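>>> Okay, sequence plus prediction incoming.
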Amino acid sequence: MLKNLDPYTEFENKEDSKDLQEAVSGRYGGVGLVISDSSKIVPKELQNSEFARKGIQVVDAFEGYAFDAGMRPGDTLVSVGDVQIDGLTTEKVSNLLRGNPGTSVSVKFTRPGVNVGNNGEPLVQEVTLQRQLVKLNDIKLACLLKPEEDKIGYIKLAGFSPSAGRELEGKLKALQILTPKGLN
């Protein structure tokens, strides 16, 4: 119906609206994990090899959140709360991990090469993660390239939330402190 009026207008349901708001604001209630379907992480030529693991894997565990509880990139999720995640989409697992700040969720996972049973398979580990208001930084990196020579600053801006300008200003000031004679 909307396409007849304007080809650029789309209907947004309540869930889509919430996801967009989280992406724009850079904040959400969760445990501080970035997850992905292992088939999207492992190169195609290795997907049928011994290196390929099936399931939802941790791509990043934020310090101050899930990392501090013991989660690490490469962990394969087994269950979230009482829900076995085998066969669930990344989006559904992500929704299980998210929730109101101050609540907790139990996560079971395996870590290849660590805590291996007699059969060579990784043993299931369990941690309880506290959900918090997760703040996603827009600037992922700020450093000097060849500080002795060129004094060129590099800042990687990965997002554009409402706080991106303040974050950029702070990183620029920090780089300027490192180079009293100024940046090129």
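That came in fine, so what should we check first?
>>> Measure how far the biggest helix by length in the chain is from the centre of its chain, please.
For the chain, the helix reaching the highest residue count under DSSP state H is reported as helix 164-178. Mean C-alpha position of helix 164-178 versus that of the full chain (CA atoms, centre = their mean, to the nearest Å) differs by 24 Å.
>>> Remind me what it packs against, helices and strands.
If you count contacts as 3 or more CB pairs under 8 Å, 6 or more residues apart in numbering; DSSP states H and E, helix 164-178 packs onto strand 139-145, strand 152-157. Where you see a C-beta, it was placed from the backbone N, CA and C, and this is true even at glycine.
>>> Apart from its neighbours in sequence, what residue is nearest Ile35?
Nearest-residue entry for Ile35: Ile56, 5.2 Å, with adjacent residues in sequence omitted and distances by CB to CB, 6 or more residues apart in numbering.
>>> Which strand residues bridge the one you found?
Asp37 (DSSP bridges).
>>> Kindly provide the distance from it to Ser79.
10 Å (CB to CB, to the nearest Å).
>>> Could you say which helix or strand holds Val78?
strand 76-80 (DSSP states H and E).
>>> average pLDDT for that strand?
Here strand 76-80 scores 94 as its mean pLDDT.
>>> Now that we're looking at the closest residue to Glu126 other than its chain neighbours, what pLDDT does it have?
Distances taken as CB to CB, 6+ apart put Lys108 closest to Glu126, at 4.8 Å, once the chain neighbours are dropped. Lys108 carries a pLDDT value of 96.
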